[in-house]
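Colleague: Predicted model follows, preceded by the sequence.
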Amino acid sequence: MRIAIYPGSFDPFTNGHLDILVRAARIFDHVIVGVLVHPAKKCLFTPEQRVDMITEVTREIENVRAIHFNGLLVDFCRTAGACAVIRGLRAVSDYEYELQMFSVNKQLAPDLETVFLMSSTQYSFLSSSIAKEVARYGGDIRPLVPPNVEAELVRVFRQRG
């Protein structure tokens, strides 16, 4: 069985993330969305909330599941029995960072492959930060995030006033 890990903060999970995930799920037997727990990063949602939102969005994709992890990605991949890491690329500006991560991961786990999937054109501008910023100021985020994520973003920013 070919298992891939799609890692990220996913704070929040966007339609761009979903696009990459659906395409990866067609290539691999099983895809695990690895929600990174990064104590130094200030996230809007807890790891559990992010996993719950992703699980709801992907409930009809049988070969996908979401779990959170901390520590090195390569260790998480080993534990999960993964042969590949999925990474989405939106623009050339993403490439340099992704090349660095690929190189480090290859040093630490030579058998682990990285598969880069280009963002679909309609999502090439989209990031979690942009979705949060639009939501913060009451803009229409329906084209940016799945409906359940939209509801959570609206709820959080309403609570904050």
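Modeller: Looks like it came in fine.
Colleague: residues contacting residue 35?
Modeller: 8-10, 47, 50-51, 54, 66-69 (C-beta atoms under 8 Å, 6 or more residues apart in numbering). C-betas here are computed from N, CA, C, even on glycine.
Colleague: mind running it again at 10 Å?
Modeller: 6-11, 13, 43, 45-54, 66-70 (C-beta atoms under 10 Å, 6 or more residues apart in numbering).
Colleague: If any of the residues you listed are buried, put those into a ChimeraX selection.
Modeller: Selection of the buried residues among those in ChimeraX, burial being defined by 16 or more other C-beta atoms under 10 Å:
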select :6,7,8,9,10,11,13,43,45,47,49,50,51,52,53,54,66,68,69
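Colleague: Out of the contacts of residue 35, which sit inside strands?
Modeller: When DSSP state E defines the strands, the subset of the contacts of residue 35 inside them is 6-8, 66-69.
Colleague: With respect to residue 134, which of those residues is nearest?
Modeller: Lowest distance from residue 134 to these (C-beta to C-beta) belongs to residue 8, with 19.1 Å.
Colleague: hey, what's that closest one bridged with?
Modeller: On the basis of DSSP bridges, residue 8 is bridged to residue 35.
Colleague: Kindly provide the distance from it to residue 79.
Modeller: Taking C-beta to C-beta, to the nearest Å as the measure, residue 8 falls 18 Å from residue 79.
Colleague: can I assume residue 26 is in contact with residue 20?
Modeller: No: Residue 26 is beyond contact range of residue 20, at 11.2 Å (criterion: C-beta atoms under 10 Å).
Colleague: okay, the two: which has more neighbours?
Modeller: residue 20 (24 against 9; other C-beta atoms under 10 Å).
Colleague: now the ones in strands among the contacts of residue 35 in CSV, with distance to residue 107?
Modeller: As requested, those are exported to CSV (distance: C-beta to C-beta, whole Å):
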residue, distance to residue 107
6, 21
7, 17
8, 21
66, 27
67, 25
68, 25
69, 20
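Colleague: And those residues, which is closest to residue 145?
Modeller: Once C-beta to C-beta is applied, the member of these that ends up nearest residue 145 is residue 8, at 14.2 Å.
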